[in-house]
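Chemist: quick one, what's the 3D model for this:
(one chain, ligands or ions: 1)
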Amino acid sequence: MIIKKFLKTAVSFLLLGALLLCCVPLTGCRNGAEKAEINIVATIFPAYDFVRELIDGVPGISVSLLLRPGTESHTYDPSVSDALAISECDLLVYAGGDADIWVEKFIDSGVSGPERSFAIIDAVSERLMIEGEDEEDPHVWTDPNNVILIVNALADRLAAIAGGKSADNAVCGKIRANCVSYVQKLEALDRDIRATADKIPQEKRLLAFGDRYPFRYFCKAYGFTACAVFPGCAEESEPAAADVRRVVDAIRENGLDTVFYVELSSHRIADAIAAETGCATACLNSCHNLSKEEFDAGETYLTLMRRNIEVLSGLAGQPDR
Ligand SMILES: [Zn+2]
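Modeler: I've put the predicted structure just below:
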């Protein structure tokens, strides 16, 4: 399946490259939008949201989100307009690792060179491996402490670009001030998650996921262990019966009350596990992506992570079954 996915992506990429060569001289700004002095393109929502925080109120810099809200990033096929946006932007901010593997092909081909790209995983030195797979887990942003590392590095890159392109040094100062202010909010988020986690009895700090599992960094940071149907996030949708059974057994053996699913999931597997075990279901949001409604309502990494605190608070107060 991985080979099939790779071939599909490779074929798409070759077609895009050919189309790009035809289209570049004919095309100006993406979607006809007025071009800001400095254009940042982000592939996934966390990357977009971090840049948005750093350039808030900074004139002459814009950021656009490549993957539309609701889009599945792991199996995403870039369009011609995506290729154009990447070829024209000043900086491409992407997850790195297997979260948006197609981006590496653009960078390797020179559509966007390393000097015009920023992989958020590269800002985090302590990477976690996906058990049973020879792969790093790319979902580093689920730990707010990693986000602090990411936005500090990103602020340096943005300030360097702004310093080179803008005659106004106040632009760099504003980016750095935004970074300081955002880091304070991330530190408060970290404290609040930790305070909530500390109230949860040790025996309930096993989180059961009837879904994908993008929370490896979150769980390590806050003292949770996890049992999930899928080891990572880029899996096919049909789980092995043995993997569902493993989660059902963990729920029964540990007297767990809740089986979790992730955002934008059909939660079909979690529902089936809940029916089998009598558990409740709840969504933990990995902030990987959001719905169009959430995007339009102005949800951010901070608001989505704070929703997780409310969900986890429920684990602290439940009586033993
Ligand atoms: Zn993922």
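
Chemist: give me the residue from the chain nearest the ion.
Modeler: Minimum separation of the chain from the ion (Cβ to the ion) falls at Cys233, amounting to 3.0 Å. For glycine as for every other residue, the C-beta is placed from the backbone atoms N, C-alpha and C.

Chemist: wait, isn't that residue in contact with Asn289?
Modeler: No: applying Cβ atoms under 8 Å, one finds Cys233 not in contact with Asn289, separated by 10.9 Å.

Chemist: quick one, what contacts the residue nearest to Ser286 when sequence neighbours are not counted?
Modeler: Leaving aside its sequence neighbours, Ser286 sits nearest to Pro214 (Cβ to Cβ, 6 or more residues apart in numbering; 4.1 Å). Pro214 sits next to Asp137, His139, Thr142, Gly232, Cys233, Val262, Ser286, His288 when contact means Cβ atoms under 8 Å, 6 or more residues apart in numbering.

Chemist: the residues you listed in strands, which ones?
Modeler: Taking DSSP state E, the ones among the contacts of Pro214 that sit in strands are Val262.

Chemist: okay if I get the contacts of Pro214 as TSV plus pLDDT and neighbour count?
Modeler: Listed next are the contacts of Pro214 as TSV, based on pLDDT from 0 to 100; neighbours: other Cβ atoms under 10 Å:
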residue	pLDDT	neighbour count
Asp137	93	25
His139	95	27
Thr142	98	26
Gly232	86	22
Cys233	83	23
Val262	94	23
Ser286	95	24
His288	88	25
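
Chemist: thinking again about what came up before, let me know the helix or strand that the residue nearest to Ser286 is in.
Modeler: Assessed by DSSP states H and E, Pro214 sits outside every helix and strand.

Chemist: ok, it to Ile161 distance?
Modeler: For Pro214, the distance to Ile161 equals 30 Å [Cβ to Cβ, to the nearest Å].

Chemist: low-confidence ranges in this protein?
Modeler: In the predicted model of the chain, residues 1-36, 110-114, 167, 234-237, 317-321 satisfy pLDDT under 70.
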